[in-house]
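I would like the atomic coordinates for the input below:
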Amino acid sequence: MRKILLTALILTFVIPICGCIEGESQGTANPDEIDVEQFDTVTHATVMALAKNWDADAEHDGIIVYPDLKDAENKSVRWSDTELTVDIKLYTTRLNENLQIVKDKIAYSGTGTIDSWKDGNILYSGGIRVPFDDITNYDMALGICLVTIHTPIGDFEAEQGLTPLAP
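Predicted coordinates for the structure are as follows:
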């Protein structure tokens, strides 16, 4: 009789618990799933890089790079919940034989991430920080910023001239 009661208790409590655990795992979304459709309207990218101060002193500490994905009407594509890698290269400049400003030496090369369209908008607190201490090999205070934004639908490049390389 004890064995029957013990078996009944086990079946009464253990099986429903196992069912609950299994049910919870089936309803959990995979964090690696990416909503690719939110990038369907992207046609190009833009970038803005501004000198910023992020500590208590008065001097600028570096630049903040704002990479932005745009649609055919040049409006920001609103996306979120996806981490995108952004390659950043800062170049010194020189004049070529036609007196045009062109890229010269690499002053900085690095990678950052953004996880929302707001990271590319200067009105929000996003962007990617690049400290002036990490920018080297420059002989002029201004250069060119080149970014490559890696999205699920492809890579998009953008460039900005007159990027601060020094405080």
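
CA atoms for contacts and neighbours, from now on please.
OK.

so what's the most centrally placed residue in the chain up against?
Nearest to the geometric centre of the chain sits Ile114, at 1.7 Å (C-alpha atoms, centre = their mean). Listed by C-alpha atoms under 8 Å, 6 or more residues apart in numbering, the contact set of Ile114 reads 83-86, 127-128.

out of these, who has the most neighbours?
Gly127 (26 neighbours; other C-alpha atoms under 10 Å).

in the chain, which spans are helices?
2-27 (DSSP state H).

what stretches of it score poorly on pLDDT?
For the chain, applying pLDDT under 70 flags the ranges 1-32.

quick one: the strands in it, in order.
44-52, 62-70, 80-95, 101-116, 128-131, 142-151, 154-164 (DSSP state E).

give me whichever of these is most buried.
Scoring the strands of the chain by mean neighbour count under mean count of other C-alpha atoms under 10 Å gives strand 62-70 as the most buried, with a mean of 25.

just checking, what packs against that one?
Packing partners of strand 62-70 (3 or more C-alpha pairs under 8 Å, 6 or more residues apart in numbering; DSSP states H and E): strand 44-52, strand 128-131.

dump the contacts of Ile114 into TSV; add distance to Lys118 as well.
As requested, the contacts of Ile114 are exported to TSV (distance: C-alpha to C-alpha, whole Å):
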residue	distance to Lys118
Glu83	12
Leu84	13
Thr85	15
Val86	14
Gly127	8
Ile128	12
